[in-house]
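Chemist: Just the structure for this:
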Amino acid sequence: MSCTLTFREVYAILNENDSHHIIKQEKKMAEFIIVFREVLEASLVVGIIYLLIEKTNQNEHFSQLWYGVFASVLASIAVGYLVIQAKNALGNNSTQALFEAVFLYLTAFLIWYVIFWLSKNVSDKKVLEGQALNAMELSSWGIFFVVFFAILREGFETAIFLISSFSITGTFSYLGFISGAALAIVIGYLIVAQGRKVDLKNVFKYTTLLLVFLSAGMIAYGTHEAEEYLVKSGQIEKSEIYRVWNVLEPVEVSPGAGKTSHILHDKGTVGVFLKGFFGYNSNPNIIEVILWILSMMFGLNMWRRFYY
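Modeler: Model (predicted):
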């Protein structure tokens, strides 16, 4: 039996290995960005309230602070679990495709709302301290509810964003998740407890820009899922859909060599990266492309107005 490999077979193996490597790297980055931003905001909230309790010598509220953090984390996990169970219960049919489409659209709108309207108020020290002081005066459990709902919002956003990202790529990076959370907690501690000066505006500016790309990708992939719903439900035929471009599917160049993809296929070396960050599709329909362009224009315009 010959052990000689042709050039095309070697290329197929190398291309497959490169694609897997890029998938892993891209997924680490996507999870890192999402978790880093949300956990940093949550860390600043906890830190500001912690210092306020310490400064006002109301140490009896420390337990409520940590109870609030713990309860909000559990509630966020429960939200993520319920969404995943709801998706799984639908099975692999047209209804699931419709659910995915609606879920991705809503997530994109939530990202825009969070990064352009809510984020300018998050971790506003004076506002947060005022809420905390009022809560301590009103009830012994006031701090619990302030912390619980503040952190729950961040946890809810994190769960929804990560599930949407998983819907697009089908993989999850625990390393990206853990490293993003760890770095955010360290930076939050240094800022609040140690008084270190960190240019938070630039941190949020560039992570927001990356979230703009992710949200446009979710709009595009949501449109792709809407197409799947229409096809699976028998409302249209795939042959009737106009493709702006159509990169060939992976093919097996010879028996046993494995499948090789064009680098711009969404499973190829470059395409898989573009898919994860920008919602790239190797055979998009015309509506998918138009909505991606419009969402990018909207997001970049809002980003420019917000930070410049």
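Chemist: hey, let's count contacts and neighbours off CA atoms from now on
Modeler: Fine.
Chemist: Would you map the helices across this protein?
Modeler: With helices called from DSSP state H, the chain shows them at 7-55, 62-89, 94-113, 125-138, 142-169, 174-192, 200-232, 271-278, 286-307.
Chemist: Let me have these in TSV, extended by distance to Y242, mean neighbour count and mean pLDDT.
Modeler: What follows is the helices of the chain, written out as TSV (distance: least, Cα to Cα, whole Å; neighbours: other Cα atoms under 10 Å; pLDDT from 0 to 100):
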stretch	distance to Y242	mean neighbour count	mean pLDDT
helix 7-55	28	20	67
helix 62-89	29	17	89
helix 94-113	19	20	87
helix 125-138	52	15	73
helix 142-169	22	22	85
helix 174-192	37	19	88
helix 200-232	11	21	87
helix 271-278	20	24	74
helix 286-307	6	16	90
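Chemist: Turn those into CSV, columns for distance to S239.
Modeler: Below are these laid out as CSV (distance: least, Cα to Cα, whole Å):
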stretch, distance to S239
helix 7-55, 29
helix 62-89, 28
helix 94-113, 18
helix 125-138, 56
helix 142-169, 23
helix 174-192, 39
helix 200-232, 10
helix 271-278, 23
helix 286-307, 14
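Chemist: between the ones you listed, which gets nearest to H265?
Modeler: H265 lies closest to helix 271-278 among the helices of the chain, at 5.1 Å (Cα to Cα).
Chemist: Now do the closest one: which elements does it pack against?
Modeler: On a contact count with 3 or more Cα pairs under 8 Å, 6 or more residues apart in numbering; DSSP states H and E, helix 271-278 meets helix 7-55, helix 142-169, helix 200-232.
Chemist: Distance to A75 for these - can I get that in a markdown table?
Modeler: Formatted as a markdown table, the helices and strands packed on helix 271-278 follow (distance: least, Cα to Cα, whole Å):
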| stretch | distance to A75 |
| --- | --- |
| helix 7-55 | 14 |
| helix 142-169 | 7 |
| helix 200-232 | 24 |
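Chemist: now for those helices, which one comes closest to F99?
Modeler: Closest of the helices and strands packed on helix 271-278 to F99 is helix 200-232, at 8.6 Å (criterion: Cα to Cα).
Chemist: okay, the angle between that closest one and helix 94-113?
Modeler: Orientation check (axes from the mean of the first three to the mean of the last three Cα atoms, to 10 degrees): helix 200-232 against helix 94-113 gives 160 degrees.
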